[in-house]
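Novice: test case, fold it:
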Amino acid sequence: MNSIPKFTPRNYLRFVREVFHEGEGVSDPAAAYIEVRNAAFKITNPLDRLVVSSVRKINFPFAVAEWVGLMTGGAELPLYTKFIKSYGKYSSDGSTVDGAYGPRIAGTGQLMNVIDELMLSPASRRAVMTIYSGRDLRSKSLSIPCTLTLQFLRREEKLHLTVNMRSNDVILGLPYDIFQFTMLQEFVARWTGLELGEYVHQAGSMHLYVRDSGIATTSEEWSRWPGVMEPMPKGITLLDLQILRSFISNLNDDPTRGKATLLKAPSEDSYLRNFYLACDAFVIRKTAPSLAEEMVACITDPIIRKVMRPWLE
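Specialist: So this is what the prediction gives:
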């Protein structure tokens, strides 16, 4: 009965082409797009989460910021504009991001409630986080959540996650959605002592804007597969992620401060230290390129080093 096609970062561009060639054109006053309705795929190994392509350069530090904000309730603008300066366009008040997922998940207690449900009721079908709400339908917000729900299922001591989205931009959104949601899945699995199961991604509208359609016609035959990320170690807490969030929000391109990151980043935990180094290297890459190179060289996960390399060129 489970006929959902498999997805890996290696076939990302193939998936983009399928949307381009099989989708239907939609005329929207804001921007025309090509759409496949009710698209779905699964990732059998959620550690295989990083999309890397010569025609689609992924901003890894921004992906980390989105995940950390999701986990800790973050919505402050500096958390995101450190890596995408134009992200301020999604803020109505000039200080927070409209529609940020963090306040809707961590800020409402949904994260811990789901963990409790998984621990207390292994066969539960109620371990669901809701992001989109009824008030969003008529909202004048500059950023309406694209994600509807996240359902966690504990089966045979594996943690499976199904994400349902109302709308998904295959170019601008999908690579980051895969990253932050599989990272969330892995964190919950570590917290509950479960093995990682499958990740299933479903979108009512999987689309490609016509303005971005050049990527679908590239001659590149496949995405550059960087490999699988190192597993998240047990023992990482929400407090650890809150500290990382504060660090990111206060980053600046001062080389002196950047040098301190090499010395003060939590060396006892190389997993999180890699995130500190990657985020800082991105911010100082123009004011102190040699130091940025040194930071990336200190990253212990070869996959993250490979993903960061194009930003230093």
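
Novice: gap between residue 282 and residue 245?
Specialist: For residue 282, the distance to residue 245 equals 16 Å [Cβ to Cβ, to the nearest Å]. The C-beta positions use only the backbone N, C-alpha and C, and glycine is treated the same way.

Novice: on the C-terminal side of the lengthiest helix in the chain, identify the next helix or strand.
Specialist: Of all the segments assigned as helix in the chain under DSSP state H, the longest by residue count is helix 174-192. Later in the chain than helix 174-192, the nearest helix or strand by DSSP states H and E is strand 195-209.

Novice: now for that following strand, which elements pack on it?
Specialist: In terms of contacts (3 or more Cβ pairs under 8 Å, 6 or more residues apart in numbering; DSSP states H and E), strand 195-209 is packed against helix 12-22, strand 33-43, strand 158-165, strand 168-169, helix 174-192.

Novice: compile these into JSON lines and extend it with columns for mean neighbour count and distance to residue 249.
Specialist: Formatted as JSON lines, these follow (neighbours: other Cβ atoms under 10 Å; distance: least, Cβ to Cβ, whole Å):
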{"stretch": "helix 12-22", "mean neighbour count": "18", "distance to residue 249": "30"}
{"stretch": "strand 33-43", "mean neighbour count": "18", "distance to residue 249": "30"}
{"stretch": "strand 158-165", "mean neighbour count": "21", "distance to residue 249": "26"}
{"stretch": "strand 168-169", "mean neighbour count": "20", "distance to residue 249": "26"}
{"stretch": "helix 174-192", "mean neighbour count": "22", "distance to residue 249": "17"}
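
Novice: can you pull out the helices in the stretch 51-200 of the chain?
Specialist: Using DSSP state H, counting those that start in this stretch, the helices assigned to the stretch 51-200 of the chain run over residues 60-72, 78-81, 102-105, 110-120, 174-192.

Novice: redo the ones you listed as JSON lines? Include distance to residue 147 and mean pLDDT.
Specialist: JSON lines is the format used below for these (distance: least, Cβ to Cβ, whole Å; pLDDT from 0 to 100):
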{"stretch": "helix 60-72", "distance to residue 147": "10", "mean pLDDT": "98"}
{"stretch": "helix 78-81", "distance to residue 147": "16", "mean pLDDT": "96"}
{"stretch": "helix 102-105", "distance to residue 147": "9", "mean pLDDT": "96"}
{"stretch": "helix 110-120", "distance to residue 147": "12", "mean pLDDT": "97"}
{"stretch": "helix 174-192", "distance to residue 147": "7", "mean pLDDT": "97"}
